[in-house]
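[1] what follows is a predicted structure for the sequence shown.
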Amino acid sequence: MAKKSTWDLEDWILLFGGIWLIGQVFKTAQKAGIGTLPQALRKLHPYINRDGIRVFDNELKKLSVKEQGEVIRLIIEARLKPTLQLPLFRIIRKRKNIDGEFRRGQWRILVKSLPNGDYIMLNFFKKQTNDRPEEEYIKAEKRGFDAMEP
């Protein structure tokens, strides 16, 4: 009696489909310049809370792949731009622990500057209306208070 395979056709399709998808993500990341970025002028560090959890990264994972790509493109542009000015960067003076925001389309990344010229990304959000989402700024202010330098 011949041994019966434990793998069905659907299992093989899922396996090779997953391998193909990982390959596509890797190619897209290389085209977008994600990785080392040796020519970057500044680093944007993710917010890490006092428990060592990378909160910024965890929130980014909740977005769709398309939205993640939009946020990552904003981060890349912020790292590579020689001068920080509008429309990419806006200084925020009236908020405690928030020094500015990076902007691209509807996306905003609220940041705190570091002495060496780098930034800590405190919070990000998609701006849906002309009004400022106050809760997003409050969340960033709280994070900026206990943000530690990397």
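    Looks like it came in fine.

[2] shaky segments in the chain?
    1-7, 9, 11-12, 15, 18, 23-40, 147-150 (pLDDT under 70).

[3] Val111 contacts His45, correct?
    No: counting by Cβ atoms under 8 Å, Val111 does not reach His45; the two are 9.3 Å apart. The way it works is simple: take the backbone N, C-alpha and C, and place the C-beta from them, glycine included.

[4] settle it for me: which of these two has more neighbours?
    Val111 (27 against 18; other Cβ atoms under 10 Å).

[5] that older thread, which residues are common contacts for Val111 and His45?
    Tyr119, Ile120, Met121 (Cβ atoms under 8 Å, 6 or more residues apart in numbering).

[6] which of the residues you listed lies closest to Asp99?
    For these, the closest approach to Asp99 (Cβ to Cβ) belongs to Tyr119, at 7.7 Å.

[7] and the closest residue to the closest one other than its chain neighbours, bridged to which residues?
    For Tyr119, ignoring the flanking residues on the chain, the nearest one in space by Cβ to Cβ, 6 or more residues apart in numbering is Val111 at 4.1 Å. Per DSSP bridges, the residues bridged to Val111 are Gly100, Met121.

[8] so how far is Glu10 from Val111?
    To Glu10, Val111 is 46 Å away according to Cβ to Cβ, to the nearest Å.

[9] and for Lys127?
    42 Å.

[10] who's more crowded, those two?
    Lys127 (15 against 8).

[11] backbone phi and psi for that one, please?
    Dihedral pair for Lys127: phi -80, psi 120, per degrees, to the nearest 10.

[12] dig out what Pro46 forms beta bridges with.
    Met121.

[13] for it, what are its contacts?
    Taking Cβ under 8 Å, 6+ apart as the test, what Pro46 contacts is Arg54, Val55, Phe56, Asp57, Ile120, Met121.

[14] mind running it again at 10 Å?
    Arg54, Val55, Phe56, Asp57, Asn58, Glu59, Leu60, Ile75, Ile120, Met121, Leu122, Pro150 (Cβ atoms under 10 Å, 6 or more residues apart in numbering).

[15] contact partners for the fifth one?
    The neighbours of Asn58, taking Cβ under 10 Å, 6+ apart as the test, are Pro46, Asn49.
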